[in-house]
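1. Kindly generate the corresponding structure for this input.
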Amino acid sequence: MSEPGVAVVIEDDEDVRNLVDAILKEAGFVVHSAATGREGVEVVRDHHASVVTLDVGLPDMDGHEVLRRIRQFSDAYVVMLTARRDEPDTLTAFLTGADDYVKKPFLPRELRARVTAMMRRPRAEGGLALPEADRGGGSGGAGGGAYAGPDGGAADGGAHGAGTAGAEQAVIRHNGLALNFKSRTVTLQGSALTLTRSEFDLLFDLLRAKGEVRTRADLVRAARGDYYDDDAYISDADERAVETHIGNLRRKLREDPQSPRFLQTVRGVGYRLTPKTSD
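-> Numbering: from 1, shown residues only. Alright, predicted model coming up:
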């Protein structure tokens, strides 16, 4: 990772704001700060942030509302910071589009490690968050412009040329679903789906497992990247966050709970891909 890019710290507590500012500058970011939600939204917009740390309890508006506004124009990585301990607050953050959630007080090395892990996760071809004008109409899939063709396959790069063959190898198909892990786009029956980074990473992990059961701990690691080693402790909150992401995925995939076509629950263990259908 050469240059991390721009980070924005949205935090009303000056001590915490200065601490997070120092952590991110030490990690190589150019850092801008804001003490209110409204100001923070504009700073993210003006500076095309790559990473945002966002306090939940801001003086002018709820942090989740700030996140909703940011998600209207930015695909920046967002870490929510909060002193709250209740589980619904954590789930709301992920439902709104947060990439991670850190409870105060936190260790500086923990926050830096989580941000570093997020930045290692694949993005659209450009790498960092794109300015609004570069997003291409908002009709693409997860984290990038449209790549898949109208049949859910790779874009046509020429009649059976080497480019087309290479693109096809990047596409995983299952029951009318096509996921291109190079362009990070997903189509269902030819229609583009808009997934969050975590939803895309979970779906990719389940697709490439080809029906093998993935435990909730496996999926936490897939969704959170390198921050979790194989022997790292994974909390109940981490696993519940995965369940929330899976629920969102099922809704976007228009799953029939009685007869799922894509994701199957293995009770008490985790999830796996459903068998391929004949159609």
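2. Touching the helix or strand containing Phe204 from outside, list them.
-> According to DSSP states H and E, Phe204 maps onto helix 197-209. Contacts with helix 197-209, where a contact means CB atoms under 8 Å, 6 or more residues apart in numbering, come from 77, 94, 99, 121, 123, 141-143, 172, 174, 177, 179, 181, 184, 186, 195, 214, 218-219, 222-223, 225, 242, 245-246, 248-249, 252, 263, 271-273. Just so you know, the C-beta spots here come from the backbone N, C-alpha and C atoms, and that holds for glycine as well.
3. The same query, at a cut-off of 7 Å, please.
-> Contacting residues not belonging to helix 197-209 are listed as 99, 121, 142-143, 172, 174, 179, 181, 184, 186, 195, 214, 219, 222-223, 245-246, 248-249, 263, 271-273 [CB atoms under 7 Å, 6 or more residues apart in numbering].
4. In strands, which of those appear?
-> Using DSSP state E, the members of the contacts of helix 197-209 that fall within strands are 172, 174, 179, 186, 214, 263, 271-273.
5. in a helix, that's where Thr116 is, yeah?
-> Yes. Assessed with DSSP: H, G, I helix; E, B strand; the rest coil, Thr116 lies in a helix.
6. Give the burial count for it, as a bare number.
-> 16 (other CB atoms under 10 Å).
7. Renumber starting at 891 from here on
-> Got it, first residue is 891 now, which makes that one Thr1006.
8. That one - nearest residue in space that isn't next to it in sequence?
-> Excluding the flanking residues, the one nearest Thr1006 by CB to CB, 6 or more residues apart in numbering is Ala917, at 6.8 Å.
9. my guess is the one you found contacts Arg1002, does it?
-> Yes. Using CB atoms under 7 Å, Ala917 is in contact with Arg1002, at 5.5 Å.
10. now Gln1148: how far from Lys1166?
-> Using CB to CB, to the nearest Å, one obtains 19 Å as the distance from Gln1148 to Lys1166.
11. With Arg928 instead?
-> For Arg928, the distance to Lys1166 - CB to CB - is 49 Å.
12. Next: Val1156.
-> 18 Å.
13. in this protein, which segments are predicted with low confidence?
-> Along the chain, the parts satisfying pLDDT under 70 run over 891-893, 975-979, 1011-1059, 1115-1123, 1168-1169.
14. what's the residue closest to the geometric middle of it?
-> Geometric centre of the chain, nearest residue: Arg1087, 2.2 Å, by CA atoms, centre = their mean.
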